[in-house]
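Novice: predicted structure and sequence below. I'll ask about it afterward.
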Amino acid sequence: MSNKPIAIELKKITKTFGKVVANKDVDLTVYEGEILSILGENGSGKTTLMNMISGIYYPDSGQIFVKGREVSIQSPNDAFALKIGMIHQHFKLVDIFTAAENIALGINDGKKFDLKRISADIEKINTKYGFNIDLNKKIYEMSVSEKQTVEIVKVLYRGADILILDEPTAVLTPQETQRLFGILRKMKEDGKSVVIITHKLHEVMSISDRVSVLRKGEYVGTIPTSEADESTLTSMMVGKKISLDIERSEPVNPVDRLVVENINCTNREGVKLLDNVSFTVRSGEILGIAGISGSGQRELLEAIAGLQKLDSGKIIYHNVQTGKEDNLRDKTPVQIRELGIRLSFVPEDRLGMGLVGNMDIVDNMMLRSYKKGKSVFLQKKEPKSLAEKIIKDLEVVTPSSSTPVRRLSGGNVQKVLVGREIAASPTVLMAAYPVRGLDINSSYLIYNLLNEQKEKGVAVVFVGEDLDVLIDLCDRIMVIGGGKINGVVDARTTTKEEIGLMMVKAKGGNADE
Amino acid sequence: MITTIALFLKQAIIQGIPLLYGSTGEIITEKSGNLNLGIPGIMYIGGISGIIGGYLYEFSGAELNPVLLVLIPLLSSIIGSVAMSLIYCVLTVTLKANQNVTGLALTTFGVGVGNFFGGSLSSILGEGGTISLIETGKAYKQTLPFAQDLGLFGEVFLSFGFLAYASIIIAILASIFLNKTRKGMNLRAVGENPATADAAGINVTANKYIATCVGGAIAGLGGLYFVMDYVGGAWTNNGFGDRGWLAIALVIFALWRPHTSILGSILFGGLYIVYLYIPGLSRSSQEIFKMLPYVVTILVLIITSVRKKREHQPPQSLGLSYFREER
Amino acid sequence: MNNVKKRKDPLVRISKRDVPVWWKSLIIRVVAIALALVVCAGLIVLVSDYNPLEVFKTMIEGNFKTERKIWNLVQNTAILLCISLAVTPAFKMKYWNLGAEGQALIGALSTAAGMIYLGDKLPQPVLIIVMFVMSVVSGMIWAVIPAIFKAKFNTNESLFTLMMNYVATQLVLFCITFWENPKGSNTVGIINMTTEGGWLPALFDQKYLVNILIVTAITVIMYIYLKYSKHGYEISVVGESENTARYIGINVKKVIIRTVLVSGAVCGITGFLLVSGTHHTITADTVGGQGFTAIMVSWLAKFNPFVMAGVSILITFLSRGAGEIATILRLNQSVAEIMTGIILFFIIGSEFFINYKVNFRSGKKEGNK
């Protein structure tokens, strides 16, 4: 393998965003005519690293060598000039243009502009690699897989020898994934280098020659796929278990509070976001939800909160006091509240959904409760004292309660949001990535708050990405993958590797073999 | 009867030409994602700058050269319109100001400048009286020499000054540019999805500036046509009326296609004056008839939004400033 | 191919400011207005040989010299403020209503209709109430038509409302042909000249005082509505983030329609004040483009009704002052529009320096070629 010429070599690449270190001293080598997988959990810095090769970001320090020569890649155009092309997760295509127009966009080859000639040139690439796209089709009429194909052809048409694909299979069906892999293999035979960012182990095993692993922004190592198996890769990816010292009490008298039965949900493109999901949330315990981001966590929580329409299934809420059972499916948040169900939800998008950035803390306190009472005017007294209380109890650092939340730091924003949701004395509390981007102290404060709620008998749902946290904080952990439940484990006895394997193992629909 | 229809057609074309200039200019501008509501103001400026240029030349005492009689007002008109467009670009593209607010301010300003100089140019220059550029008007109204000999056909289709034909040629060229050239495709990409265009290596800012200035210059020619050819080298306050807004309506009607707006402009021009040609129309019904272009535009707007055909929608980023932020 | 380049920072780097500091924003705005005034004065000096200081003196005199002038200033400000208040709730929701002009005109039209047809049939107080209601309802109808299409089909509201202005203008011209007085003049003339039927009464001998009081009341009510009512709160949430609105269960479409109705109602009231309280007649030009100026006023005041009052005074002051200069210098009255335009350009441009930070590349020479 290593006698092949080197296409790209990275040396000690470091990139920080503010205080967050996205990549630290990363080394990486890509050979010509190979497929290299870059494996890592969410937030391990895979995409940032690749964005530095494709000219989106510029490294703070370190060197990049392309074909042996040190280069400085400052823009996507520089990357194109070095024959590097990247296919991003979010496609950069003009919707009302045809495939051919999108592929030709921004290129000036000095020849007369003639879409017929360009189409003919593109067709040559299509035949060579076996792409099957209608060049006259408009992007908005295309499926996700077709759009991805257009992106790949676009990069090839620009003459790329090094292709980087950022989680290309995340949006594809197994059949489409198969077809994509076939194409990637042809490119490899053609001497091109292909780098794919992924966290699906079986894909790594089936497609790549070598696999490089990143963890928390740092380079862990590279091994040939032939010498790798799923458990080695998983342990490289998740690392050793670190004890976090979160106090965890035994659940007291847990009873079923929320029973989700066979819910299904599809998006506009017809992709299944939730696939026959069933589980139970109990009072007095924390149910953790683990999974690669975008596996259906958001849809799941939003479905319970009344924000996501379902195709089928039931979400039954058991009212402990009255013994009544209500189906929350397709109810609006207002209707759920009117049933007397106190359901709190800390969404992933704090300033875009849970809070209004330009409003002050007091006004944000009212978001859920402003309608209370018959008066046409807002009652500011209660939210005002609530704001003061949260600022004091949760040690929110802010000039005053009339400061717009946009001005607070990430941790303080989250304290305001979680504080508000808890103040509603919920019976169910759902929190999506509540410690993402928070410093250690704020994170522990949030863990303690969740634990307090659990001890009060609240049914807590915690969607997280850090497996150490999930294992130390939760009572049970449910693993979700591709909209399906891959299993539920006892947090006290499980291991990181077990969860890691469950996360990356897609049930059914294996791409290969 | 045929004569009446033919004359009506001729009048419709005459009325349509300023609208065609305005809408072609606005289409090019909007294709870059800039909703320039300053077009009515720019058309006023295009007219008055031409008048000023013409005035300075015609009353300069020099011997009048017919080519210069045309060229000087033409150039001053373009300079005026481009200056206005630059104000718009600096504010909305460079300084990221709100496009609607900027455009409306530009229109207030442009109409003001037009009426101000139209009314006081001669008194500022110390001569007094209203401006009348007879020679310049004549030069602009110059038709093909054999037009009169061709009877009704000549009367309807060949009896216009050169700016009339130029408007149609420019609209066709604009269509070809937008749909058949590399630069035109890049421009459309900027208006649809500036982030994608940016990633493909297209200079978004330059495209927005150039499209807005070229569009402004073309729209300004509509004002020039009006004062030189239609009126014959004079300015009447607010004489241009609401034609600028009608031009913006025409953009919607033509579904952002310059070649469609050629026929659209004749239709709008016709709707604008049709009340004069329907016998026995009371004055009150005439006013209802004048409503037609706007009502038709509203209907088009509604129908296209109900049908949701993607090709018939405004450019996707229309009205939004583009700001590339490094994370 | 030599790709070994050193990284070059761009000369100017622009980044969004988190939150503008109030005194900085104030200074930036004051500087902008001052610069604009300098440019205006320069322009006047350029076209006349007027002394620049004289220019400002004349402007001040034109607004404050006599009691009547002061009343006119306040009255004009009141009308501009009223229509600016009208567009504000919808704007705050990011609904681009460019149709205030037409909505006010329709309000004026129904007021005039009331005066003409009911002028001698109803007792004065009843008549005024009826006219008021008519103007409000008609303004609401005119405003809500585009809003319904916006809510249902996402029809572009700025273009739709823009067109509705001209339909309204034609409707007025249509009615004028029936109402013209004297016949053939194509103008309506002063309605109910002798009976003063449907005229807002003069208070303490001041014919504009009622207008001014009504607008003052609307200003306060609008401030309270936007800041302290549940509706106002919903408007802010929808305007800031539709996703948050969804999260807390606000029915966005309902809020859009309701808010546009409020806007239309206040536009209608503006029309009522223009006809019943000011001109006692109607022309196609009754609103006189203030519907458009209002959009800029509301935007520049950042939707705060009291700031709007300040901006309205500034713009009215300028345009009346410019008018005075024009009269004295026997220049065209359009000087006012030019000056308004210039001031607006400067204020609009100054927003950038409030919202963005401009960092120049620090000290280092650009030397090494």
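Specialist: Right, received. Where do you want to start? Numbering: from 1, shown residues only, chains lettered A, B, ... in the order given.

Novice: which residues of chain A score low on pLDDT?
Specialist: A:1-3, A:18-19, A:42, A:171, A:241-244, A:269, A:505-513 (pLDDT under 70).

Novice: next, the residue positioned nearest the centre of it: secondary structure please.
Specialist: By CA atoms, centre = their mean, the mean C-alpha position of chain A lies nearest to A:S293, the distance being 3.1 Å. Secondary structure, DSSP: H, G, I helix; E, B strand; the rest coil: A:S293 is coil.

Novice: right, and it touches A:E465 too?
Specialist: Yes. Between A:S293 and A:E465 there is a contact at 6.6 Å, judged by CB atoms under 8 Å. The way it works is simple: take the backbone N, C-alpha and C, and place the C-beta from them, glycine included.

Novice: ranges for the helices of chain B?
Specialist: Along chain B, counting by DSSP state H, helices occupy B:2-31, B:39-58, B:66-89, B:99-124, B:134-141, B:151-157, B:162-180, B:182-192, B:194-199, B:204-225, B:243-253, B:258-273, B:283-290, B:292-307.

Novice: list of residues touching the shortest one?
Specialist: Taking CB atoms under 8 Å, 6 or more residues apart in numbering or on different chains as the criterion, the residues outside helix B:194-199 that touch it are A:76, A:92-94, A:105-106, B:33, B:186, B:189-190, B:204, B:207, B:317, B:322, B:324.

Novice: which one of these is nearest A:D439?
Specialist: Proximity of those to A:D439, judged by CB to CB, is greatest for B:R324, which lies at 29.4 Å.

Novice: so which strand or helix has C:G271?
Specialist: Per DSSP states H and E: C:G271 is located in helix C:252-274.

Novice: and whichever helix or strand A:G487 is part of, which strands flank it?
Specialist: In this assignment (DSSP H and E), A:G487 forms part of strand A:484-490. Applying DSSP bridges, strand A:484-490 is found paired with strand A:476-481 (antiparallel).

Novice: and the strand it pairs with, how far out from the chain's middle?
Specialist: Distance of strand A:476-481 from its chain centroid, counting by CA atoms, centre = their mean, to the nearest Å, is 15 Å.

Novice: same deal with stretch A:249-256?
Specialist: 31 Å.

Novice: first-to-last residue distance for it?
Specialist: 18 Å (CA to CA, to the nearest Å).

Novice: what comes up buried for it?
Specialist: Neighbour-count burial for stretch A:249-256 flags A:P251, A:P254 (criterion: 16 or more other CB atoms under 10 Å in any protein chain shown).

Novice: next one: C:S110 from chain A, what distance?
Specialist: 27 Å (CB to the nearest CB, to the nearest Å).

Novice: give me the element that residue is part of.
Specialist: In the assignment (DSSP H and E), C:S110 maps to helix C:100-118.

Novice: OK, contacts around A:A305?
Specialist: A:A305 is in contact with A:P333, A:I336, A:L343, A:F345, A:M430, C:Y247, counting by CB under 8 Å, 6+ apart.

Novice: what is the nearest of those to chain B?
Specialist: Nearest to chain B among the contacts of A:A305, counting by CB to the nearest CB, is C:Y247 at 24.1 Å.

Novice: can you get me a residue count around the residue lying closest to the closest one once chain neighbours are set aside?
Specialist: Excluding the flanking residues, the one nearest C:Y247 by CB to CB, 6 or more residues apart in numbering or on different chains is A:M353, at 4.9 Å. By other CB atoms under 10 Å in any protein chain shown, the residues close to A:M353 number 23.

Novice: what do you get for A:Y140?
Specialist: Other residues close to A:Y140 by other CB under 10 Å number 13.

Novice: nearest residue to it other than its sequence neighbours?
Specialist: That would be A:D95: by CB to CB, 6+ apart, it lies 4.4 Å from A:Y140.

Novice: hmm, A:K137 and that neighbour touching each other?
Specialist: No. At 11.8 Å, A:D95 does not count as touching A:K137 under the criterion of CB under 8 Å.

Novice: which of those two has more neighbours?
Specialist: Set side by side, A:D95 and A:K137 show more neighbours around A:D95, with 18 against 14, by other CB under 10 Å.

Novice: doesn't the more buried one fall inside a helix?
Specialist: No. Counting by three-state DSSP, A:D95 falls outside a helix, being coil.

Novice: got a list of what it touches?
Specialist: With contact set as CB under 8 Å, 6+ apart, A:D95 has these partners: A:K138, A:I139, A:Y140, B:E192, B:N193, B:R310, B:Q316.

Novice: over to it: give its phi and psi.
Specialist: Torsion angles at A:D95 (phi, psi; degrees, to the nearest 10) stand at phi -60, psi -40.

Novice: next one: A:K12
Specialist: A:K12 has phi and psi values of phi 50, psi 50 when expressed as degrees, to the nearest 10.

Novice: next: B:S317.
Specialist: phi -100, psi 10.

Novice: tell me the spatial nearest neighbour of it, not counting adjacent residues.
Specialist: Closest to B:S317 by CB to CB, 6+ apart is B:G33, at 4.1 Å.

Novice: ok, that neighbour touching B:A189?
Specialist: No. With contact defined as CB under 8 Å, B:G33 does not reach B:A189; the gap is 10.0 Å.

Novice: chain B contacts on chain A?
Specialist: Taking CB under 8 Å from any CB of the partner chain as the criterion, chain A approaches chain B at residues A:17, A:57, A:75-77, A:80, A:92-97, A:101, A:104-108, A:113, A:138, A:140.

Novice: out of those, which are buried?
Specialist: Buried by 16+ other CB under 10 Å: A:57, A:76, A:80, A:92-97, A:101, A:104-107, A:113, A:138, out of the residues of chain A next to chain B.

Novice: list just the nearest of these to C:W179.
Specialist: Using CB to CB, the shortest approach to C:W179 within those belongs to A:I96, at 48.8 Å.

Novice: so what's the closest one up against?
Specialist: Counting by CB under 8 Å, 6+ apart, the residues that A:I96 touches are A:K138, A:I139, A:Y140, B:E192, B:R310, B:E311, B:Q313, B:Q316.

Novice: sorry, back to before: which other helices and strands does the helix holding C:S110 contact?
Specialist: Applying 3 or more CB pairs under 8 Å, 6 or more residues apart in numbering or on different chains; DSSP states H and E, one finds that helix C:100-118 makes contact with helix C:67-92, helix C:124-153, helix C:157-179, helix C:252-274, helix C:290-300.

Novice: quick check: buried residues in it?
Specialist: Result for helix C:100-118 [16+ other CB under 10 Å]: buried residues C:100-116, C:118.

Novice: same thing with stretch A:299-314?
Specialist: Neighbour counts over stretch A:299-314 (16+ other CB under 10 Å) mark A:E299, A:L300, A:L301, A:E302, A:A303, A:I304, A:A305, A:G306, A:L307, A:Q308, A:L310, A:G313 as buried.

Novice: which parts of chain B sit against chain A?
Specialist: B:180-182, B:185-186, B:188-189, B:192-193, B:195-197, B:199-202, B:310-311, B:313, B:316, B:326-327.

Novice: same check on the stretch 101-250 of chain C?
Specialist: Residues of the stretch 101-250 of chain C that fall close to chain A, judged by CB under 8 Å from any CB: C:224, C:228-233, C:236-237, C:240-241, C:243-244, C:246-249.
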